[in-house]
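Enquirer: Provided below are the primary sequence and the corresponding predicted coordinates.
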Amino acid sequence: MLDLGGFLAESGFKCLLHDRRNTEAADIGFGDGSKAEHDLQVEDTLHLLKHLDMSPAIFVGNSSGSRLSLLCALEEPSAVTALALMNMTGGKQAAKMLAHEYHLRYVKLLNRGGVEALANDNHYIDMVEQNPDNREKLRNLDPEVVRKVLESSGEFLKRAPADFKMVNPAGSSANL
């Protein structure tokens with residue numbers, strides 16, 4: 001498989017490759033419960049680009065990275081020069097499945113066994129293995145905050161096919 005980031009860096013471009021909050025080796029964190037996970041990830045990404053003086057940028061996203069790229073463009077258009085979106089999922093069935101897989105199944109775990117149940121799930125076990133600091137972060141999570149974030153995140157994905165719109169530079173909007 002092509003290492004796009006490596007190829008671009010070797011070609012002289014500055015590249016930022018990162019794991020989104022609550023994925024892979026990134027930190028576990030749910031904020032104060034007032035925002036959905038995708039909103040937190042957009043804030044993280046835009047803040048990181050500014051901090052590294054890499055804004056505006058060309059966003060290249062694959063799968064959920066495509067969704068994050070679009071949300072960054074909607075939140076702060078001046079931070080995005082162009083979008084390259086790959087393997088973007090869509091449709092009501094995909095949205096329902098992703099809402100469950102990414103968020104709502106963890107709400108069920110929380111309801112059955114609290115934060116300890118999350119800590120015993122393979123996703124969070126992998127995150128701790130990749131980033132040992134996550135063990136303590138996981139222990140200190142407020143289950144009500146996590147529940148609020150996961151529920152709002154799942155609801156966003158479930159309604160996305162009907163509610164998510166993107167405005168192009170010419171000013172016309174298109175349903176996504």
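Expert: All right, it came through fine.
Enquirer: what's the burial count for residue 86?
Expert: 12 (other C-beta atoms under 10 Å). Yep, even glycine has a C-beta here, placed from its N, CA and C like the rest.
Enquirer: now the one 5 residues further on
Expert: As a burial measure, residue 91 scores 10 neighbours (other C-beta under 10 Å).
Enquirer: Could you do residue 142 as well?
Expert: 12.
Enquirer: shaky segments in the chain?
Expert: 1, 90, 160-176 (pLDDT under 70).
Enquirer: Could you list every helix and strand in contact with the helix or strand harbouring residue 154?
Expert: Assigned by DSSP states H and E, residue 154 belongs to helix 143-163. Applying 3 or more C-beta pairs under 8 Å, 6 or more residues apart in numbering; DSSP states H and E, one finds that helix 143-163 contacts helix 37-51, helix 92-99, helix 105-119.
Enquirer: Return the set of buried residues in that helix.
Expert: 146-154, 156-158, 160-161 (16 or more other C-beta atoms under 10 Å).
Enquirer: which residue sits closest to residue 87 in space, ignoring its chain neighbours?
Expert: The shortest distance from residue 87 to any non-neighbouring residue, by C-beta to C-beta, 6 or more residues apart in numbering, is to residue 63 (4.9 Å).
Enquirer: And residue 51, how close does it get to residue 75?
Expert: Taken as C-beta to C-beta, to the nearest Å, the spacing of residue 51 relative to residue 75 amounts to 16 Å.
Enquirer: Give me the more crowded residue out of these two.
Expert: Neighbour count, other C-beta under 10 Å: between residue 51 and residue 75, residue 75 has more, with 14 against 9.
Enquirer: Can you name the residues that contact the residue nearest to the more buried one when sequence neighbours are not counted?
Expert: In this structure, residue 75 finds its nearest non-sequential neighbour in residue 42, 5.2 Å apart by C-beta to C-beta, 6+ apart. Shown in contact with residue 42 (C-beta atoms under 8 Å, 6 or more residues apart in numbering): 68, 71, 72, 75.
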